[in-house]
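**Student:** Need the 3D shape of this:
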Amino acid sequence: MIITKIELEKNYCLSVFAEDGRVGLFDVSPYLKSEAFAELINVDNFTKIKNFKYFIEWDCGADLSADTIEAEWTIA
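**Tutor:** Just a heads-up that it's a prediction; the model follows:
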């Protein structure tokens, strides 16, 4: 999957737009228990997200691959 756009949603969720036209909702909250994602509990840090097409990454270094997102998202 190639990610074309990401939109922040409530409760640590992301709307993820794929190149093939699919749109899904991905819940990041289960990852916040992990040390790598702990800084994202602060909403200011959560909003600092970048799209690199095959993965997304936050300024703190936490990242998720497009494959992980695709495996766990809910298609809108």
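**Student:** ok, now how distant is Ile69 from Asp44?
**Tutor:** Here the distance between Ile69 and Asp44 works out to 22 Å (CB to CB, to the nearest Å). The C-beta positions use only the backbone N, C-alpha and C, and glycine is treated the same way.
**Student:** quick one, strands of this structure?
**Tutor:** In order along the chain, the chain carries the following strands (DSSP state E): 3-8, 13-18, 23-27, 49-51, 55-58, 63-65, 74-75.
**Student:** any chance of the ones you listed in CSV, plus distance to Glu39 and mean neighbour count?
**Tutor:** Output for these, formatted as CSV (distance: least, CB to CB, whole Å; neighbours: other CB atoms under 10 Å):
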stretch, distance to Glu39, mean neighbour count
strand 3-8, 16, 14
strand 13-18, 16, 19
strand 23-27, 18, 16
strand 49-51, 12, 15
strand 55-58, 8, 18
strand 63-65, 12, 16
strand 74-75, 25, 9
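**Student:** Just list the residues touching Lys50, thanks.
**Tutor:** 56-59 (CB atoms under 8 Å, 6 or more residues apart in numbering).
**Student:** between Ile69 and Asp44, which one's more packed in?
**Tutor:** Shown here are Ile69 and Asp44; by other CB atoms under 10 Å, Ile69 has more neighbours (20 against 9).
**Student:** re earlier: from the contacts of Lys50, pick the one nearest Lys33.
**Tutor:** Distance to Lys33, by CB to CB, is smallest for Trp58 among the contacts of Lys50, at 15.8 Å.
**Student:** and of the strands of the chain, who's closest to Leu40?
**Tutor:** Distances from Leu40 to each of these were compared using CB to CB; the minimum, 6.1 Å, belongs to strand 55-58.
**Student:** And the contacts of that closest one?
**Tutor:** For strand 55-58, the external contacting residues (CB under 8 Å, 6+ apart) are 3, 6, 14, 39-40, 45-46, 48-50, 63-66, 69.
**Student:** Just the C-alphas of that strand, formatted as CSV.
**Tutor:** Only the C-alpha atoms of strand 55-58 are listed here, as CSV (Å, rounded to 0.1, in the frame of the first residue of the first chain):
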residue,chain,number,x,y,z
PHE,A,55,5.4,4.4,6.3
ILE,A,56,4.4,7.2,8.6
GLU,A,57,6.7,8.7,11.2
TRP,A,58,6.4,11.1,14.1
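**Student:** Kind regards, and thank you for your time.
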